[in-house]
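**Q** Give me a model of this one.
(chains A and B)
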Amino acid sequence: MAIPALTGSRVRDRRLVLGLRQSEVAEAAGISASYLNLIEHNRRRVGPDVLSRLATALRTEVGVLAEGAEGLLVADLREAAERPDGGAEVDRVEDFVGRFPGWAGLVAAQHRRIGRLERTVEALSDRMAHDPHLSATLHEVISVISAVRSTAAILADGDEVPPEWRARFHANLHDDAERLVIGAEALVAYLDATDRGDAGGSGTALDELDGWLEARDWSLPELDDAPEVLQAEVAGLATEAGRTLAGAWLARALRDAALLPLAALDLAVDEDGVDPVRLARRFGCGVLPVFRRLALLPRRGFGLVVCDASGAILFRRPVPDFPVPRYGSACALWPLFTALGRPMTPVEEVVEMRGRSVRRVRTLAFCEPHHPSGFGGPQVVEAAMLILPLDQAAGSARPVGASCRICPVPGCPARREPSILSEPDEAARAAGQTVLRSR
Amino acid sequence: MTRHVLVIEDEPNIVEAIRFLLTRDGWEVTALGDGVTAEAEIARLRPDVLILDVMLPGRSGFEILAALRAAAATVALPVLMLTAKGRDRAEAERLGANRFLSKPFSNAEIVALVRDLGPA
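**A** Residues are numbered from 1 along each chain as shown, chains lettered A, B, ... in the order given. Model prediction:
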């Protein structure tokens, strides 16, 4: 039998030769079975540490499992072929690499470059279109420029301007010049901060919470035994709004942790699988606390999105290849929003994220209404969607995107605006359509 | 008869410039710095033309415009919308603005548009 080029395939072959189950190898290597599943299907690059542990678990040498440069090239080309506009003969990729290594290298390099550019476009588009801080600052600068233009034109147009008005306009111009300097400095500081990935202090409170959790890689074992460490970190956030929001998030996370201790939940998932309703019954708690705790389990790689009744994103733990917009509206076809319309009803669906690459995930969504102000108060609704890794060969899946502006799905019935990633004719068609044809 | 224009705009130096330009053109100009009391002030002042900014503290110009178009007394009030972003223009049109002007605007343009909207 030919040795497969890719590490994941080699791991799978070796495991099958030894007659081991994924869960056995995963446990021996100290990773989750779902992560091993992704590795075996070449959906994850394997770092040297994990590869070494896998080699030990599979009683072989690292060199037997590791792929060479050719394997990496094949992986890149397979990923390129998964693009919605791909259409390449995937089953002949190794033949292509062997016969035309130069062309293959060029295609792979172009694919990587397109991916980098698309990530940049996504981030900038999201920020320019929806970042409330940037929008407010730009609006203020434009307003001041507008005042300067009108005032200067009045003074310059040669008509008689009474002395008292002239004095006021001169004072206004001076005042506006000062404000323009402040506005420009604020913009530069903000863009510098976000370029460094440090939105704290100049972004929104949600940005600060996001930044703090990202910096911890969503790993918060202290929730179970050392909350004072987390409380001190929250107290050190840059803005009052950020500290308030993160403090409220932390208080709820601590209540969740008391209901669902990390080790017990991890064990329950191994025993019962990821079924939030059964887990909620087992721990005697609500369903949404289970969603929130599952998203913080180490090594599982579960994503989570939480929204309110308006669809505004309240919390996000993104997973690779399933981008969640930070500011704007997410794809209306996400099961999260199906759940929003069906409170207290479990919604499970396999969806296929069409983005830089195509990735299938299993989603579980649930919506709970609350009445924090009592019987006579307003109902407050919260919906959550768990994003779970999935064997990419799994059956059919509904195509979804991240948000319309960066979604390449053609003819989507839920499209709100043309995609900036579409071909010009597709974008023009989408812009002119009021009702779109279903796929 | 003096024609009356109400300006709802939170940028005081824009208001100052508009006040000068339109007063010189024969208009009586009243200004509001936010939109919270917009409908009450419009009912009290009964302006001939409304100049309405989109981004206002407390309440957006779009909300005010929608409320005006939903009330019989103001459904036909001529409204010139001041926008700072291109995409605001489509929303202003959809909600029933008679004219729109993107910031920064020229003085000649705003005077011409207000004259155009005012009583003959």
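
**Q** Just the pLDDT at A:Ala193, thanks.
**A** Model confidence at A:Ala193, given as pLDDT, is 60.

**Q** Actually, A:Val400.
**A** pLDDT, A:Val400: 92.

**Q** Same check on B:Val15?
**A** With respect to pLDDT, B:Val15 has a value of 95.

**Q** Pull up the gap between it and A:Arg316, please.
**A** 41 Å (CB to CB, to the nearest Å). C-beta: built from backbone N, CA, C; applies to glycine.

**Q** Thought A:Leu209 was touching A:Arg326, still the case?
**A** No: shown here, A:Arg326 and A:Leu209 do not form a contact pair, counting by CB atoms under 8 Å, at 11.3 Å.

**Q** Of these two, which one has the most company?
**A** Between A:Arg326 and A:Leu209, A:Leu209 has the larger neighbour count (other CB atoms under 10 Å in any protein chain shown), namely 25 against 19.

**Q** In the chain, where is pLDDT below threshold?
**A** I'll assume chain A. Within chain A, the segments meeting pLDDT under 70 span A:1-5, A:67-70, A:83-86, A:122-123, A:125-132, A:189-203, A:327-328, A:356-357, A:391-394, A:420-439.

**Q** hm, I was asking about chain B
**A** Within chain B, the segments meeting pLDDT under 70 span B:85-87.

**Q** How about the residue nearest to the spatial centre of it, nearest residue that isn't a chain neighbour?
**A** Central residue of chain B (CA atoms, centre = their mean): B:Ile51, 1.2 Å from the mean position. Spatial nearest neighbour of B:Ile51, excluding adjacent residues (CB to CB, 6 or more residues apart in numbering or on different chains): B:Val7 at 4.5 Å.

**Q** Tell me if I am right that that neighbour is in a strand.
**A** Yes: assignment of B:Val7 by DSSP: H, G, I helix; E, B strand; the rest coil places it within a strand.

**Q** show me the contacts for it.
**A** Applying CB atoms under 8 Å, 6 or more residues apart in numbering or on different chains to B:Val7 gives the contacts B:Val15, B:Ile18, B:Arg19, B:Val29, B:Thr30, B:Ala31, B:Leu32, B:Ile51.

**Q** Who are the packing partners of the lengthiest strand in chain A?
**A** Taking DSSP state E as the assignment, the strand of chain A that covers the most residues is strand A:358-370. Packing partners of strand A:358-370 (3 or more CB pairs under 8 Å, 6 or more residues apart in numbering or on different chains; DSSP states H and E): helix A:287-294, helix A:335-340, strand A:347-354, strand A:380-388.

**Q** Please tabulate the ones you listed in JSON lines, including the columns distance to chain B and mean neighbour count.
**A** JSON lines is the format used below for these (distance: least, CB to the nearest CB, whole Å; neighbours: other CB atoms under 10 Å in any protein chain shown):
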{"stretch": "helix A:287-294", "distance to chain B": "32", "mean neighbour count": "23"}
{"stretch": "helix A:335-340", "distance to chain B": "23", "mean neighbour count": "22"}
{"stretch": "strand A:347-354", "distance to chain B": "25", "mean neighbour count": "19"}
{"stretch": "strand A:380-388", "distance to chain B": "23", "mean neighbour count": "22"}
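
**Q** Only the buried subset of the contacts of B:Val7, as a PyMOL command please.
**A** Buried members of the contacts of B:Val7, identified by 16 or more other CB atoms under 10 Å in any protein chain shown, are gathered into one PyMOL selection as follows:
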select buried, chain B and resi 15+18+19+29+31+32+51
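
**Q** does the closest residue to A:Glu348 other than its chain neighbours have beta-bridge partners, and which?
**A** If the residues on either side of it in the chain are set aside, A:Glu348 comes closest to A:Leu364, at 5.3 Å by CB to CB, 6+ apart. A:Leu364 has these beta-bridge partners by DSSP bridges: A:Glu348, A:Leu386.

**Q** how many neighbours does A:Thr345 have?
**A** Using other CB under 10 Å: A:Thr345 sits among 11 other residues.

**Q** For it, list the residues it contacts.
**A** Counted by CB under 8 Å, 6+ apart, A:Thr345 has contacts A:Ala339, A:Phe366, A:Cys367.

**Q** is it true that the second one touches A:Leu340?
**A** No: with contact defined as CB under 8 Å, A:Phe366 does not count as touching A:Leu340 (9.9 Å).

**Q** shared neighbours, the two?
**A** In contact with both A:Phe366 and A:Leu340: A:Ala383, using CB under 8 Å, 6+ apart.

**Q** before we move on, the earlier item: the contacts of B:Val7 in strands, which ones?
**A** Filtering these for strands - DSSP E - leaves B:Val29, B:Thr30, B:Ala31, B:Leu32, B:Ile51.

**Q** thought the last one was touching B:Leu82?
**A** Same thing as B:Ile51. Yes: if you go by CB under 8 Å, B:Ile51 and B:Leu82 touch, sitting 6.5 Å apart.

**Q** can you list residues touching both of the two?
**A** By CB under 8 Å, 6+ apart, the residues touching both B:Ile51 and B:Leu82 are B:Glu9.

**Q** pull the CA atoms of the longest helix along chain B into CSV?
**A** Using DSSP state H to define each element, chain B has its longest helix at helix B:12-24. Taking Å, rounded to 0.1, in the frame of the first residue of the first chain, the C-alpha atoms of helix B:12-24 are listed here in CSV:
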residue,chain,number,x,y,z
PRO,B,12,-23.0,74.0,17.0
ASN,B,13,-20.6,75.5,14.4
ILE,B,14,-22.6,74.0,11.5
VAL,B,15,-25.7,75.5,13.0
GLU,B,16,-23.9,78.8,13.3
ALA,B,17,-23.0,78.8,9.6
ILE,B,18,-26.4,77.7,8.5
ARG,B,19,-28.1,80.3,10.7
PHE,B,20,-25.9,83.0,9.1
LEU,B,21,-26.5,81.9,5.5
LEU,B,22,-30.3,81.4,5.8
THR,B,23,-30.9,84.6,7.9
ARG,B,24,-29.1,86.5,5.2
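
**Q** what's it packed up against?
**A** helix A:132-156, helix A:163-195, strand B:3-8, strand B:27-32, helix B:107-117.

**Q** The second one near chain B anywhere?
**A** Yes: for helix A:163-195 and chain B, the contact criterion (CB under 8 Å from any CB of the partner chain) is met by A:Trp165, A:Arg168, A:Phe169, A:Asn172, A:Asp175, A:Asp176.

**Q** What is the subsequent helix or strand relative to that helix?
**A** Per DSSP states H and E, the first helix or strand lying C-terminal to helix A:163-195 is helix A:205-215.

**Q** Give me the angle between that following helix and helix A:163-195.
**A** 20 degrees (axes from the mean of the first three to the mean of the last three CA atoms, to 10 degrees).
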